[in-house]
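Peer 1: this one's sequence-less:
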(Lines give C-alpha, C1' and ligand atoms only; values in the text may rest on other atoms or scores of the structure.)
Protein backbone atom coordinates (compact mmCIF):
# COMPACT_ATOMS: atom_id res chain seq x y z
CA UNK A 1 0.00 0.00 0.00
CA UNK A 2 1.33 3.41 -0.92
CA UNK A 3 0.66 6.60 1.02
CA UNK A 4 -1.90 7.58 -1.61
CA UNK A 5 -3.86 4.36 -1.00
CA UNK A 6 -4.44 5.18 2.66
CA UNK A 7 -7.83 6.46 3.83
CA UNK A 8 -6.35 8.55 6.65
CA UNK A 9 -2.99 9.93 7.77
CA UNK A 10 -1.41 11.12 10.95
CA UNK A 11 0.17 14.56 10.59
CA UNK A 12 3.63 13.19 9.69
CA UNK A 13 2.14 10.92 7.02
CA UNK A 14 0.06 13.80 5.64
CA UNK A 15 3.24 15.86 5.37
CA UNK A 16 5.03 13.05 3.54
CA UNK A 17 2.10 12.41 1.18
CA UNK A 18 1.63 16.10 0.36
CA UNK A 19 5.27 17.14 0.10
CA UNK A 20 4.82 19.84 2.74
CA UNK A 21 6.61 19.93 6.08
CA UNK A 22 4.95 18.73 9.26
CA UNK A 23 5.11 22.33 10.52
CA UNK A 24 2.96 23.45 7.58
CA UNK A 25 0.47 20.62 8.20
CA UNK A 26 0.32 21.52 11.90
CA UNK A 27 -0.28 25.19 11.06
CA UNK A 28 -3.02 24.32 8.56
CA UNK A 29 -4.78 22.13 11.14
CA UNK A 30 -4.48 24.79 13.87
CA UNK A 31 -5.91 27.47 11.57
CA UNK A 32 -8.80 25.24 10.53
CA UNK A 33 -7.75 25.21 6.88
CA UNK A 34 -7.06 21.45 7.04
CA UNK A 35 -9.61 19.29 8.81
CA UNK A 36 -8.53 16.73 11.39
CA UNK A 37 -10.97 14.02 12.50
CA UNK A 38 -11.07 12.30 15.87
CA UNK A 39 -12.59 8.82 15.56
CA UNK A 40 -14.48 7.21 18.43
CA UNK A 41 -14.01 3.78 19.96
CA UNK A 42 -16.72 2.49 22.28
CA UNK A 43 -18.23 5.96 22.39
CA UNK A 44 -14.99 7.62 23.46
CA UNK A 45 -13.22 10.10 21.23
CA UNK A 46 -9.60 9.23 20.53
CA UNK A 47 -6.98 11.78 21.56
CA UNK A 48 -5.00 11.43 18.34
CA UNK A 49 -6.62 12.79 15.26
CA UNK A 50 -6.29 11.72 11.66
CA UNK A 51 -6.49 13.63 8.42
CA UNK A 52 -8.75 11.93 5.92
CA UNK A 53 -7.36 11.57 2.40
CA UNK A 54 -10.39 13.49 1.11
CA UNK A 55 -9.64 16.44 3.44
CA UNK A 56 -5.98 16.47 2.46
CA UNK A 57 -6.92 16.53 -1.22
CA UNK A 58 -9.42 19.35 -0.60
CA UNK A 59 -6.79 21.38 1.22
CA UNK A 60 -4.22 20.82 -1.52
CA UNK A 61 -6.60 21.83 -4.31
CA UNK A 62 -8.37 24.61 -2.41
CA UNK A 63 -11.72 23.01 -3.25
CA UNK A 64 -13.48 22.31 0.05
CA UNK A 65 -16.66 20.28 -0.31
CA UNK A 66 -19.71 21.33 1.76
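Peer 2: Okay, I see it. A quick note: this is a predicted structure, and the numbers were derived from the prediction, not measured.
Peer 1: which of the helices or strands spans the spatially most central residue of the chain?
Peer 2: The centroid of the chain falls nearest to residue 51 when counting by CA atoms, centre = their mean (2.0 Å). If you go by DSSP states H and E, residue 51 is part of strand 51-52.
Peer 1: quick revisit: excluding its backbone neighbours, what's nearest the residue nearest to the centre of the chain?
Peer 2: residue 14 (4.6 Å; CB to CB, 6 or more residues apart in numbering). The C-beta positions use only the backbone N, C-alpha and C, and glycine is treated the same way.
Peer 1: how far does the helix or strand that the strand holding residue 51 is followed by sit from its chain's centre?
Peer 2: Once strand 51-52 ends, the next helix or strand along the chain (criterion: DSSP H and E) is helix 53-61. How far helix 53-61 lies from its chain's middle: 8 Å, per CA atoms, centre = their mean, to the nearest Å.
Peer 1: before we move on, what about stretch 13-31?
Peer 2: 8 Å.
Peer 1: what comes up buried for it?
Peer 2: Within stretch 13-31, the residues that qualify as buried are 13, 14, 15, 17, 18, 20, 25, 28, 29, counting by 16 or more other CB atoms under 10 Å.
Peer 1: just the terminal-to-terminal distance for that stretch.
Peer 2: Length of stretch 13-31, first residue to last, CA to CA, to the nearest Å: 19 Å.
Peer 1: returning to what we had before: hey, what's the residue nearest to the centre of the chain bridged with?
Peer 2: Residue 51 has these beta-bridge partners by DSSP bridges: residue 9.
Peer 1: you'd agree it is up against residue 33?
Peer 2: No: in this structure, residue 51 is not within contact of residue 33 by CB atoms under 8 Å, at 11.5 Å.
Peer 1: so where is the protein shaky, pLDDT-wise?
Peer 2: Within the chain, the ranges that satisfy pLDDT under 70 run 1-4, 64-66.
Peer 1: what do you get if the cut-off is 90, keeping everything else the same?
Peer 2: Along the chain, segments meeting pLDDT under 90 span 1-5, 62-66.
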